[in-house]
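>>> one predicted model, sequence on top.
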Amino acid sequence: MAHSDGHADHHIIPFKTLANVFGALVVLTVLTVAVAQVDLGPLEIPVALGIAIAKSALVVMFFMALKYDKPVNSMVFTVGTVFVVVFLVFTLFDTAFRGDIGNVGVQTIEEEEAELERLREREPDPEQLRVTPSDYGQDGTGTGSEDMNDQ
Amino acid sequence: MATDTAVATPEADESHAHHPPHLQHHFVSSEQQFDSAKLGMWLFLITEILLFSGMFVAYTVYRAWHPEAFTEASATLDWVLGGVNTLVLLGSSFTVALSIHFAQKDDRMKAFWNLIATLALAGVFMVIKYFEWTAKFEHGVFPAGFFDPHGGYYETLASIPYTGQFFSIYFVMTGIHGLHVLIGMGVIGWIAWRTFRGHFSSEYYTPIEITGLYWHLVDIIWIFLFPLLYLV
């Protein structure tokens, strides 16, 4: 068809297709509500997101007609979506793992004093630190060194 | 543009033989004008998606940090109202798609009435949203520093740390989404008026098409907001 004909060669999505897509969207909405009433544990968010992604895929492909459209529009949409994923994932690389590496030291005087107290509690009894006979003074019964072995 | 009977150069004979009034002079053909408008709209829609993605990322980060607070706070939202609003917006997406379908078929009045139906459904969405928000305000559930829940179940929210964070995100996300619905209603009303006046035909229906794209995006945002805020 000659392109001077304006819109004559545009794809007209049939009424039946649009109605079917709308029906599918309603069914998926009911499904996502029904699934939310069941306790799925850790799968809850992935399932809800999966249904939402399926619904938006239907809207984008049929209502927004990307399926029948020029590929350049699909490219714009895809690149944009990829950047949303990059945004989300790279932010989570930071926020989801904060504190795991423990590279942040104590920051307040209270924390520092608590840390010192904790270290003081871990300090072993001087009794148990005796190693050489001179550490035992006069009697030298040797019980101290047995204590050491228990450690 | 003023001269429809523009001088036809021999090589551009075909494209000038039919020079409709809607065709702006810097475009070669209606087809090129239509494609450019659509590409421009898709680029705009991507900026919209990125705008909302900032809020979705904030939601994800704070939910990952305080999952219990989010679960408790989200339980106070009425999934029946949220679900009805989802169906209302899906219905409005359907009617706006139909209005493009009928515009392409030169059925002016059917295109017009479908736009009016879209407008009405958008109105229903905003009315439900209004009742949801005011129900929260009555119990002192406000965003950020104004968060002071009281009365009934909301009393327990006050004892759970970080529930205010959920509502800050809830109000900002549904608020900016609602703003988009209001802007959409304005644009759809204007386009419906122009459709009624017979400004569009199967030859030229770009504004309806572009408005439809915008409206579907508003719908898609809600498709994600509904499960994330009301259900999980």
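Cool, the structure landed.
>>> checking B:His25 next. Helix, strand or coil?
coil (DSSP: H, G, I helix; E, B strand; the rest coil).
>>> next: B:His150.
coil.
>>> OK, contacts around it?
Going by Cβ atoms under 8 Å, 6 or more residues apart in numbering or on different chains, B:His150 touches B:139-140, B:158. All C-beta spots, glycine's among them, are computed from the backbone N, C-alpha and C.
>>> can you check the pLDDT for B:Met126?
With respect to pLDDT, B:Met126 scores 97.
>>> just give me the neighbour total for the residue lying closest to it once chain neighbours are set aside.
Using Cβ to Cβ, 6 or more residues apart in numbering or on different chains and skipping residues adjacent in sequence, the residue nearest B:Met126 is B:Val181, 6.0 Å away. By other Cβ atoms under 10 Å in any protein chain shown, the residues close to B:Val181 number 22.
>>> and the contacts of B:His150, which is closest to A:Ala57?
Among the contacts of B:His150, B:His139 lies closest to A:Ala57 (Cβ to Cβ), at 37.4 Å.
>>> need phi/psi at the closest one.
phi -100, psi 20 (degrees, to the nearest 10).
>>> now do the nearest residue to it once chain neighbours are set aside against chain A, distance only.
If the residues on either side of it in the chain are set aside, B:His139 comes closest to B:Tyr154, at 4.3 Å by Cβ to Cβ, 6+ apart. As judged by Cβ to the nearest Cβ, to the nearest Å, B:Tyr154 and chain A stand 21 Å apart.
>>> give me the buried subset of the contacts of B:His150.
The neighbour-count test (16 or more other Cβ atoms under 10 Å in any protein chain shown) marks B:His139 as buried among those.
>>> report the rounded mean pLDDT for the top helix by length along chain A.
Taking DSSP state H as the criterion, chain A has its longest helix at helix A:71-95. In this model, helix A:71-95 has a mean pLDDT of 95.
>>> starting at the chain centroid, how far to that helix?
Centre-to-centre, helix A:71-95 and its host chain are 16 Å apart (Cα atoms, centre = their mean, to the nearest Å).
>>> pull out the buried residues from that helix.
For helix A:71-95, by 16+ other Cβ under 10 Å, it's A:73, A:76-77, A:80-81, A:84.
>>> and stretch B:57-66, by the same measure?
Under 16+ other Cβ under 10 Å, the buried positions of stretch B:57-66 are B:57-63, B:66.
>>> hmm, which two among those are most spread apart?
Going by Cβ to Cβ, the pair spanning those furthest: B:Val57 and B:His66, at 15.4 Å.
>>> after the helix or strand of chain B with the lowest mean pLDDT comes which helix or strand?
When the helices and strands of chain B are compared on mean pLDDT, DSSP states H and E, helix B:13-17 comes out lowest with a mean of 50. For helix B:13-17, the following helix or strand on the C-terminal side (DSSP states H and E) is helix B:30-65.
>>> can you tell me if that next one touches chain A.
Yes - against chain A, helix B:30-65 shows contacts by Cβ under 8 Å from any Cβ of the partner chain at B:30-31, B:34-35, B:38-39, B:42-43, B:45-46, B:49-50, B:53-54, B:56-57, B:60-61, B:64-65.
>>> if any of these are buried, give me the PyMOL selection for them.
The buried subset of the residues of helix B:30-65 next to chain A, as determined by 16+ other Cβ under 10 Å, is captured in PyMOL by this line:
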select buried, chain B and resi 30+31+34+35+38+39+42+45+46+49+53+56+57+60+61
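>>> so where's the chain shaky on pLDDT?
All of this refers to chain A. A:1-9, A:99-105, A:138-151 (pLDDT under 70).
>>> hmm, I had chain B in mind actually
The model of chain B has pLDDT under 70 over residues B:1-18.
>>> helices along that one, start to end?
Applying DSSP H to chain B gives helices spanning B:13-17, B:30-65, B:67-74, B:79-104, B:108-138, B:154-159, B:163-196, B:206-226.
>>> tell me where chain A has strands.
For chain A, no strands are identified by DSSP state E.
>>> kindly state the domain boundaries assigned to it.
Split into domains by automatic domain parsing, chain A comes to A:11-64, A:70-96.
>>> could those go into JSON lines alongside distance to A:Val106?
JSON lines is the format used below for those (distance: least, Cβ to Cβ, whole Å):
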{"stretch": "domain A:11-64", "distance to A:Val106": "34"}
{"stretch": "domain A:70-96", "distance to A:Val106": "22"}
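>>> all set, thanks.
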